[in-house]
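> predicted structure and sequence below. I'll ask about it afterward.
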Amino acid sequence: MKVDVRGVCKDVKDFLRSLTGELPEIFPPPRVYRRVRYVRARGPAPTAAQRRRAKEIIHARVAHWAGQLGLEYKKVYVKDQRSLWGSCSGRRNLNFNWRLAAAPPEALDYVVIHELCHLREMNHSKRFWAHVGAACPDYKLRRRWLRDNSRLLREEVVLN
């Protein structure tokens, strides 16, 4: 029997499944041909007071963790970034999204540690993740929190 795999009807699949209990390998799992990043609408731009408060919070955490890790950086910028939580430049400048200041301290610290570790490794190699893991053993949980809750932080943020 010759069947076009792309156009296989449900009855043929059910018949084949009834014979062996599973679909033969001619029905490979669906492939992802390209990755799509969905960007939600951003909340309002930060007020001057929010930006000032965010800078205070983020600068304090960067100074704390840089001291703990024995790392030196040049400057810290707090920006209204669309899709990044943070970045590290080859000039040793660190950039952070102001909305991180409204995240739980554990999530903020993870991003700070992550970016500081780029001062040692400017990539996401195993060595880089080993540095992150040494400073923040539960970084996967913190990273997952950011991924799962980023919508909340990107929509509307209130800083006290």
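Okay, I see it. Note that the coordinates shown come from a computational prediction; the quantities given were computed from them, not determined experimentally.

> ok, A103 touching L153?
Yes - A103 lies in contact with L153 (C-beta atoms under 8 Å); the separation is 5.9 Å. Any C-beta I mention is one placed from the backbone N, CA and C, and that applies to glycine too.

> same drill for these two, tell me which one is more crowded.
A103 (23 against 19; other C-beta atoms under 10 Å).

> mind checking how far the more buried one is from W85?
Relative to W85, A103 is positioned 9 Å away (C-beta to C-beta, to the nearest Å).

> now swap in K79 and tell me
Distance, K79 to W85, using C-beta to C-beta: 11 Å.

> tell me, what's touching these two both at once?
Residues touching both K79 and W85 by C-beta atoms under 8 Å, 6 or more residues apart in numbering: F96, N97.

> the more surrounded of those two?
Remark: of K79 and W85, W85 carries more neighbours, 22 against 15, as counted by other C-beta under 10 Å.

> distance of the more buried one relative to G70?
Distance, W85 to G70, by C-beta to C-beta: 23 Å.

> kindly report the same for D80.
In terms of C-beta to C-beta, D80 sits 31 Å off from G70.

> and these two? Which one has more around it.
D80 (15 against 6).

> didn't that one look like it was pressed against P44?
No - shown here, D80 and P44 do not form a contact pair, counting by C-beta under 8 Å, at 9.9 Å.

> so what sits against both of A103 and W85?
By C-beta under 8 Å, 6+ apart, the residues touching both A103 and W85 are L146.
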